[in-house]
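Quick check, what structure comes out for this input:
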Amino acid sequence: MKGFKELKVWQKAHAMTIAVYDTTRAFPREELYGLTSQLRRSAASIGANIAEGCGRRSDGEVARFLQIARGSASEIEYHILLARDLHYFGEDQFRELSCQADELQRMLTALIQRFKPAEVSEINRVCVSLKARRSQLNASS
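I've put the predicted structure just below:
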């Protein structure tokens, strides 16, 4: 696997994290340890888990960290909605961050699919082959 900084999904996650930090600077001071912190941590978690996954040796471990990153992308989607509903930012900022979160979720889902364990693929191939043989035997009886 490429170094994490070369991955488009990590680059987009990093850009979103910067945007979240910029946006949350304008949040009320009383939210510093509440929603501001939650938004920032979930945003940073996406890129951090992609990076950590890239440092792992097995496909299963890589997939696990990518799934954690995807979970953080889902979490941030809610925090963005909440911030909008609390009127901490406008509709334009909401749409921009929501679109970024959605795109990251889709990209992570596609990347996770590339790291399905080979054993599962092999088991599926064997099962299909056995079903085909069983059908042939049933047809000839």
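
So which residues of this protein form strands?
With DSSP state E as the criterion, the chain has no strands.

From the centroid of it, which residue is nearest?
Centroid-nearest residue in the chain, with CA atoms, centre = their mean: R70, separated by 2.1 Å.

so what's that one closest to, chain neighbours aside?
The shortest distance from R70 to any non-neighbouring residue, by CB to CB, 6 or more residues apart in numbering, is to L108 (4.2 Å). Quick note: C-beta positions are derived from backbone N, CA and C, even for glycine.

For the lengthiest helix in the chain, name the packing helices and strands.
Determined from DSSP state H, the single longest helix within the chain is helix 59-85. Under the contact criterion of 3 or more CB pairs under 8 Å, 6 or more residues apart in numbering; DSSP states H and E, helix 59-85 touches helix 8-24, helix 35-54, helix 91-113.

What residues of stretch 33-48 count as buried?
In terms of neighbour count (16 or more other CB atoms under 10 Å), stretch 33-48 has its buried residues at L35, T36, Q38, L39, R40, S42, A43, A44, S45, I46, G47, A48.

Then stretch 18-35?
By neighbour count on 16+ other CB under 10 Å, the buried set for stretch 18-35 is V20, T23, T24, F27, E31, L35.

Measure how far it is from the centre of its chain, please.
Here the centre of stretch 18-35 is set off from its chain's centre by 22 Å, with CA atoms, centre = their mean, to the nearest Å.

Wait, the residue nearest to the centre of the chain touches I112, no?
Yes: counting by CB atoms under 8 Å, I112 is a contact partner of R70 at 6.9 Å.

what's the pLDDT at R133?
Listed pLDDT for R133 reads 65.

533 is where my numbering starts, stick with that
Happy to do that; since the first residue is 533 now, the last one works out to R665.

what stretches of this structure score poorly on pLDDT?
533-534, 648-667, 669-670, 672-673 (pLDDT under 70).
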